[in-house]
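Visitor: Prediction below, plus the sequence it came from.
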Amino acid sequence: MRPAGSFLWGAVLSALTFIWMHVGAVAVGASAYALPEVLLFVVLGLALGTRAAAKSKDPARPAFLLLVSAGLLFVQTSFWPNVPGSIAQMGQGVHSFWLGEAIRGLHLAMMLLPFPFLFAMLPASSAVSLLGGVAGAFLAVLVLIPKTGSEMSLRGITVALIAGSLALSKRRDLRWAVPCGALLAAATMGLAGWSRVPLTSGMSIHFNIAGVRPDAEVRYFREEAWSGITTVVDSAGRRILLRDGHSLGGDGDQNHARIGFAAIPTLHLESRETALAIGLGAGRLPTAVRSLGFTRVEAAEPAAGVVEAARRHFSFPAEIPVLPRDGRDVLRASPALYDLIAMEIHSPLLAGQAHLHSRQFYDLARSRLKPGGLLQQWIPLEHVSPDDAEAAVATVRRVFPVVTLWYFGGQALVVAGEAEQRITTAGRRAVYDFLLRHFNRQQSRAEEYLRAILQAQVLDAAGVDRLAQSGAGAVTDWNRRLEFSAPRHALDETATAEASLSRLRQYATAR
């Protein structure tokens, strides 16, 4: 193959690999196991194709292989939106992590093995194709995914392969290559658009077919190379914000949890000048913090799609600035000190989230608190083992001298600081005034809600001390156990919030 063909070979395969990782993360769940699986089948396909080419006695016909590759890519593009539903259908009744991964792996193998197998049989210069691979990676990340979108990128690459096939065809082969290529190109560009609801619903994560309602409608859709696909879906009268199929919040009951995340630490604060919310979700947490009377509230959220969706569809106020970086990067780069650092709910099933539960993160957060300042951290209880829940709480206690555990709105949280936590007069007044406004001046509802918040404590500081001294494990930057444990328990019916909470309650009294 000529140098130009070798360069195209490397660029196309590299660009496709990045697009496959991007779309595959949505189709099979962006866990710590999903992305390596995508790469595994791409590399395996290349290895098998290279071996087949080495053993073949007949030289490969590049024009024919490119046309067949274009046909495979056409089939793949057509089938991608159906992958989550097919996985969920096959996974009905499955509660084993390994069997679940086998089902997902089977679909990835069918989707990803044939194309690199055929591509590897093309005679290409390794040095030139390597340069093409670098160019293809930059093209996919900087242009194709964010500007064109994965669906149109796959179609465009299919057409480019057809054009390459025709360019390499010998004159005698054009009589069949031209009509076949023209028919395939027409079919590619005439494909109906992807059905985005099943593709981005996350049904393949928990094998939940009923999670997609026929009346569901996508209100917002944005693709980003680094932060995945962000969608806003209306379903059953609710509006939900999703990232790679994982819920980040919406109009549901978890809004009570966000009120608790903001109100519980505020009860114990004397000063309410500055606050940082790490993770935005639908914007409920920083909005609640601001409504509690903090002078300046900032949010840290690296995904531009999440920020845009929160502003457009969940009335997140423009007055609250959003720092377009990961919360840990914000704390590391800025010397600013805060009265409150509040953590949004995030899915432990998403790869790259465990760094916000590590001991090193808590060391950094502690250094960015004012005297008397507090950290509020969400603790995952569902889809993790009780041992993991214990480790998540114990890790906070290994850094902060005083930690208490609470459960409100169906979610667990810890409040961590340097000194004994006492409800302050100013904090109680701020929370009560906020609840009065929230419930439209209905005093009885505000008082009832405040009583529920005050009764939400699961473990006082002594109880958390007992937990930390029990030998519970720890989460560190080098042992991100939640990131690998959560996917293993996603299908485990025993890994419930009730089971984890029951284990944690045992430390409320001395054994």
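Guide: Nice, thanks for sending it over.
Visitor: Please enumerate the helices of the stretch 101-250 of the chain.
Guide: Under the criterion DSSP state H, counting those that start in this stretch, the stretch 101-250 of the chain contains helices at 114-120, 126-139, 150-168, 174-189, 196-200, 203-206.
Visitor: quick one, which of those is packed in tightest?
Guide: Greatest average neighbour count among these goes to helix 203-206 (a mean of 24), per mean count of other CB atoms under 10 Å. Glycine gets a C-beta too; all of them are placed from N, C-alpha and C.
Visitor: Could you list every helix and strand in contact with that one?
Guide: Packed against helix 203-206 by the contact rule (3 or more CB pairs under 8 Å, 6 or more residues apart in numbering; DSSP states H and E) you find helix 83-90.
Visitor: which of the helices of the stretch 101-250 of the chain has the lowest average pLDDT?
Guide: Among these, helix 114-120 has the lowest mean pLDDT, at a mean of 74.
Visitor: Torsion angles phi and psi at the nearest residue to residue 467 once chain neighbours are set aside?
Guide: Spatially, and ignoring its direct neighbours in sequence, residue 467 is nearest to residue 507 (4.4 Å; CB to CB, 6 or more residues apart in numbering). As for residue 507, its main-chain torsions (degrees, to the nearest 10) stand at phi -90, psi 0.
Visitor: As a markdown table, the helices of the stretch 101-250 of the chain with distance to residue 372 would be great.
Guide: Supplementary listing: the helices of the stretch 101-250 of the chain in a markdown table, determined by distance: least, CB to CB, whole Å:
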| stretch | distance to residue 372 |
| --- | --- |
| helix 114-120 | 58 |
| helix 126-139 | 48 |
| helix 150-168 | 48 |
| helix 174-189 | 62 |
| helix 196-200 | 43 |
| helix 203-206 | 41 |
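Visitor: just so I know, which of the ones you listed lies nearest residue 498?
Guide: When these are compared by CB to CB, helix 203-206 sits nearest residue 498, at 17.2 Å.
Visitor: part of a helix, is residue 276?
Guide: No. Looking at residue 276 with DSSP: H, G, I helix; E, B strand; the rest coil, it is strand, so not inside a helix.
Visitor: Can you check which of the helices of the stretch 101-250 of the chain gets nearest to residue 419?
Guide: helix 203-206 (41.1 Å).
Visitor: can you list the residues that contact the closest one?
Guide: With CB atoms under 8 Å, 6 or more residues apart in numbering as the test, helix 203-206 has contacts from 27-29, 83-85, 87-88, 91, 104, 209, 211-212, 245-246, 349, 490-491.
Visitor: How about stretch 437-451?
Guide: The contact list for stretch 437-451, computed with CB under 8 Å, 6+ apart, reads 259, 291, 431-432, 435-436.
Visitor: hmm, 10 Å instead?
Guide: Residues from elsewhere that reach stretch 437-451 (CB atoms under 10 Å, 6 or more residues apart in numbering): 256, 259-260, 263, 267, 288, 291, 428, 431-436.
Visitor: Quick check, central residue of this protein?
Guide: Centroid check for the chain by CA atoms, centre = their mean gives residue 350 as the closest residue, at 4.1 Å.
Visitor: how far away is that one from residue 486?
Guide: Look at residue 350 and residue 486: by CB to CB, to the nearest Å, they are 9 Å apart.
Visitor: likewise residue 303?
Guide: Shown here: residue 303 relative to residue 486, a distance of 20 Å by CB to CB.
Visitor: Compare neighbour counts for the two and give me the winner.
Guide: The residue with more neighbours, out of residue 303 and residue 486, is residue 486; 24 against 20, by other CB atoms under 10 Å.
Visitor: Quick one: residues contacting the more buried one.
Guide: 31-32, 347-350, 353-354, 380, 382-385, 388, 495.
Visitor: switch the cut-off to 7 Å
Guide: Applying CB atoms under 7 Å, 6 or more residues apart in numbering, we find residue 486 in contact with 348-349, 380, 383-384.
Visitor: Tell me the one of the residues you listed nearest residue 53?
Guide: Top of the list for closeness to residue 53, among the contacts of residue 486 and by CB to CB, is residue 349 at 38.8 Å.
Visitor: what's the longest strand in this structure?
Guide: Taking DSSP state E as the criterion, the chain has its longest strand at strand 369-379.
Visitor: Sheet-wise, list the partners of it with their directions.
Guide: According to DSSP bridges, strand 369-379 forms sheet pairs with strand 338-343 (parallel), strand 411-417 (antiparallel).
Visitor: among the helices and strands of the chain, which has the poorest mean pLDDT?
Guide: helix 114-120 (a mean of 74; mean pLDDT, DSSP states H and E).
Visitor: Just confirm residue 402 contacts residue 419, I think it does.
Guide: Yes. Taking contacts as CB atoms under 7 Å, residue 402 lies within contact range of residue 419: 6.3 Å.
Visitor: Compare these two (neighbour count), which wins?
Guide: Between residue 402 and residue 419, residue 402 has the larger neighbour count (other CB under 10 Å), namely 18 against 11.
Visitor: Quick check, residue 484 in contact with residue 32.
Guide: Yes. At 5.4 Å, residue 484 and residue 32 qualify as touching, with contact defined as CB under 7 Å.
Visitor: what residues does the host helix or strand of residue 466 touch?
Guide: For residue 466, the host element (DSSP states H and E) is helix 461-468. Under the contact criterion CB under 7 Å, 6+ apart, helix 461-468 has outside partners 390, 393-394, 397-398, 402-405, 421, 459, 507-508, 510.
Visitor: Next, the angle from that helix to strand 411-417.
Guide: Here the directions of helix 461-468 and strand 411-417 differ by 100 degrees (axes from the mean of the first three to the mean of the last three CA atoms, to 10 degrees).
Visitor: can you offset everything so residue one is 726?
Guide: Sounds good: first residue 726 from here, last item helix 1186-1193.
Visitor: those strands in the stretch 1076-1225 of the chain, which residues are they?
Guide: Assigned by DSSP state E, counting those that start in this stretch, the stretch 1076-1225 of the chain shows strands spanning 1094-1104, 1127-1133, 1136-1142, 1182-1184.
Visitor: domains in this structure, as residue ranges please.
Guide: Using automatic domain parsing, the domain parsing of the chain gives 728-918, 979-1233.
Visitor: what about the helices in the stretch 1076-1225 of the chain?
Guide: With DSSP H, counting those that start in this stretch as the criterion, the stretch 1076-1225 of the chain has helices spanning 1084-1092, 1111-1122, 1150-1163, 1168-1179, 1186-1193, 1206-1214, 1222-1230.
Visitor: which residues touch the closest residue to residue 840 other than its chain neighbours?
Guide: Leaving out its chain neighbours, the residue that sits closest to residue 840 by CB to CB, 6+ apart is residue 797, at 5.2 Å. Counting by CB under 7 Å, 6+ apart, residue 797 touches 839-840, 843.
Visitor: What helix or strand is residue 797 located in?
Guide: Counting by DSSP H and E, the element that carries residue 797 is helix 787-804.
Visitor: Measure how far that helix is from the centre of its chain, please.
Guide: Here helix 787-804 is found 30 Å from its chain centre; the criterion is CA atoms, centre = their mean, to the nearest Å.
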